[in-house]
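> following is a predicted model, sequence given first.
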Amino acid sequence: SDVEGEFAELLAKSLELLDIGNHDPLHIQTNASVLQAMELMSVHNASSIAVVDPHGLLQGNISMADIRFIFQHGHYNRLWMNCFSFVQATLSQKSLEAHGQV
């Protein structure tokens, strides 16, 4: 099928030719607000953003699913949280949900 041909064509190319890995991933500092993260995601038409500490080490990510949760559950105050605190709160929420406690 055409799809198989397209995949074969892609797999034959190097990451460099596909322009993958040649750019820094979209990221934001841990002390920036969730609103600032949303703005960057909007500007870059991205569905998620990496959260990094001052040394550039990955601390987590914020996705549109996380943002939707804020609006679906009326947790608007979380928009003003710093990204690190938000990532921690989101991980705690997901852990509770995974264990059937929410």
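Now that the structure is in, tell me what you want to look at.

> which intervals of the protein have sub-threshold pLDDT?
In the predicted model, the chain carries pLDDT under 70 at residues 1, 22, 101-102.

> contacting residues around Q88?
Residues counted as contacts of Q88 (C-beta atoms under 8 Å, 6 or more residues apart in numbering) are G60. For the C-beta atoms, the positions are set from N, CA and C on the backbone; glycine is no exception.

> so it: helix, strand or coil?
Using DSSP: H, G, I helix; E, B strand; the rest coil, the structure places Q88 in helix.

> tell me which stretches of this structure form helices.
Along the chain, the segments classed as helices by DSSP state H run 2-11, 34-43, 64-72, 83-98.

> how about JSON lines for the ones you listed, with distance to H27 added?
Formatted as JSON lines, these follow (distance: least, C-beta to C-beta, whole Å):
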{"stretch": "helix 2-11", "distance to H27": "26"}
{"stretch": "helix 34-43", "distance to H27": "9"}
{"stretch": "helix 64-72", "distance to H27": "15"}
{"stretch": "helix 83-98", "distance to H27": "10"}
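
> hang on, isn't R78 packed against S33?
No. Using C-beta atoms under 8 Å, R78 makes no contact with S33, being 9.8 Å away.

> ok so, going back, of the helices of the chain, which approaches P54 most closely?
P54 lies closest, by C-beta to C-beta, to one member of the helices of the chain: helix 83-98, at 10.9 Å.

> which parts of that closest one are buried?
83-84, 86-87, 90 (16 or more other C-beta atoms under 10 Å).
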